[in-house]
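Student: Generate a structure from the sequence data that follows.
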Amino acid sequence: MNDYLDPINSVGMPEQIDSSLALDFLITVKEGIRNYSIAITEAASPEVRTTLRNQMEAAIDLQTEILELMLQKKWVHPYDVSEQQILDLNAAQTAIEIANLKLFPENNNRKGLFPTPPQ
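Tutor: Residues are numbered from 1 along each chain as shown. Got it, this is the predicted structure:
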């Protein structure tokens with residue numbers, strides 16, 4: 001990928017962004033489930049524990065939906081390590097290519113672009 005402005009380099013990017021956002025959402029929901037479980041053990045009243053348990057069960061259902069979407073779209077392969085490794089290596093390679101793009105000009109001298117302050 002030499003020219004980030006060339007539209008040919010954006011082929012497949014929306015799908016990669018969607019999978020990245022889905023993975024981030026999945027991780028966030030899993031973290032929320034963990035936090036709910038900790039909060040339940042520290043809650044004093046039965047009403048609070050019931051509310052937290054209901055919210056945790058809703059979060060578990062959401063986690064299931066996200067994972068099913070990711071499986072359906074083939075964004076994750078939890079039962080096939082070799083396939084998942086290929087996906088991870090491709091994602092890492094894309095990240096390296098994006099990081100190596102020349103996004104800024106060589107000359108960063110901004111002298112003369114700003115008004116001089118009043119004396």
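
Student: Please list all residues in contact with Gly32.
Tutor: Counting by Cβ atoms under 8 Å, 6 or more residues apart in numbering, Gly32 touches Ala59. Just so you know, the C-beta spots here come from the backbone N, C-alpha and C atoms, and that holds for glycine as well.

Student: For the longest helix seen in the chain, buried residues please.
Tutor: Longest among the helix segments of the chain by residue count, using DSSP state H, is helix 13-42. Across helix 13-42, burial judged by 16 or more other Cβ atoms under 10 Å covers Ser19, Ala22, Leu26, Val29, Gly32, Ile33, Tyr36, Ala39, Ile40.

Student: wait, which of the residues you listed is closest to Asp88?
Tutor: Among those, Ser19 lies closest to Asp88 (Cβ to Cβ), at 11.6 Å.

Student: Tell me how far Ala59 lies from Leu26.
Tutor: 11 Å (Cβ to Cβ, to the nearest Å).

Student: Ile96 too?
Tutor: In terms of Cβ to Cβ, Ile96 sits 24 Å off from Leu26.

Student: cool, Ser10 as well?
Tutor: Taking Cβ to Cβ, one finds Ser10 at 25 Å from Leu26.

Student: Enumerate the positions of stretch 69-76 that are buried.
Tutor: Leu69, Met70, Trp75, Val76.

Student: how about the helices in the protein?
Tutor: 13-42, 46-72, 81-99.

Student: Same list (the ones you listed) but as TSV, adding mean pLDDT and distance to Glu106.
Tutor: Below are the helices of the chain laid out as TSV (pLDDT from 0 to 100; distance: least, Cβ to Cβ, whole Å):
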stretch	mean pLDDT	distance to Glu106
helix 13-42	93	26
helix 46-72	97	41
helix 81-99	90	18
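
Student: Report the contact partners of the closest residue to Tyr36 other than its chain neighbours.
Tutor: Spatial nearest neighbour of Tyr36, chain neighbours left out: Met56 (3.6 Å); criterion: Cβ to Cβ, 6 or more residues apart in numbering. Contact analysis of Met56 by Cβ under 8 Å, 6+ apart lists Ile33, Tyr36, Ser37, Ile40.
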